[in-house]
Structures are given as structure tokens and as C-alpha cells.
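In: return atomic coordinates for the entry below.
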Amino acid sequence: MISVILKQDVESLGRAGEIVRVKPGYGRNYLIPRGMALLATRGNVAQHEHHRRAIEAEQARMRAEQQKTADLLKNTSVSIARKAGKDNKLFGSVSSRDIVEALAMQNIEVDRRLVQLPDPIRETGTFEVVVRFSVDVQVPLKVNVVGI
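Out: Predicted coordinates for the structure are as follows:
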């Protein structure tokens, strides 16, 4: 096991700024190359302690921005039109990318990776999709799929 300092929140691991122990391969091959963590050496730990206030201020700013976007999404619904056949089955499907494009048409910018859609939508109807900004900021979004 190695110790790493998280630079951002990692869902099943911890919050930004925490020092956590992970398997060496996970740290070296996933967290560190993606800029999500630093190896917890003496120098990095000392530097991290020195910059802790700046990191906390940045996290607070990001949470406020996420909360602002989440408040916009609370009362928002999205309609997507697709060709449909028998029994309201779609020709194709509606993915998170389609949902993000529909939100962009309403001047709401959301990263498609934040839209939690376990499987693509393959039929018409109204669905509730979760937009998850962080562990504590998530909003349900109504998606209305209409057949043409």
C-alpha cells in the first residue's frame, strides 16, 4: 500500500486534501497520471500543508459554482424527440450526450460525465436522471423522450 494526497474528490476513496492509502498500481497507473493525486512524500506533505487554505478556498468556490448549476437544474426538464416504432420503442437510443446537448440548448452547460445514466434510454416516456456534481451535490433531472 502507498499513501497519496488527493488533489480532488474521488468517489469511493475520499475528498480533496486527504491522505489515503491505496494499492500501488491504482495510485501509479490511475490516480497520479490523471492528476487526481500526488505521492505522499515528506516534501509533498509539507507543501500540501502549506497550501491547504488555498485548496480549501478553491474547493469552496467549486462547490458554490456546482450548487448554482444544481439550483438551475432543479426546476428544469428536457424534451428529446426521436423516431419511434411499435410499442414506443426508439430507433436508436438517448444517451447522456443527447441530454447534455438538450441542456446546452437551454443555456445550461454540464459535463456529460456528470449525467448518471446507467443504460441508454430506448423507449418513449418520462425518465428521471441524476446529475451528480460531487458526493454531496446531486440533482434529479426529468427527461421527456417523445416519439416522432
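
In: need the contact list for Thr126.
Out: Neighbouring residues of Thr126 by Cβ atoms under 8 Å, 6 or more residues apart in numbering: Lys142, Val143, Asn144, Val145. Where you see a C-beta, it was placed from the backbone N, CA and C, and this is true even at glycine.

In: likewise for Tyr30?
Out: Per Cβ under 8 Å, 6+ apart, neighbours of Tyr30: Met36.

In: make sure it is indeed in a strand.
Out: No: secondary structure of Tyr30 (DSSP: H, G, I helix; E, B strand; the rest coil): helix, not part of a strand.

In: go ahead and flag the most central residue of the chain.
Out: Nearest to the geometric centre of the chain sits Leu114, at 2.9 Å (Cα atoms, centre = their mean).

In: pretty sure that residue contacts Val130?
Out: No: assessed by Cβ atoms under 8 Å, Leu114 is found out of contact with Val130, at 9.2 Å.

In: just give the strands next to the lengthiest strand in the chain in its sheet, each with its orientation.
Out: Using DSSP state E, we find that the single longest strand of the chain is strand 138-147. Each strand paired with strand 138-147, and its direction, by DSSP bridges: strand 77-82 (parallel), strand 125-132 (antiparallel).
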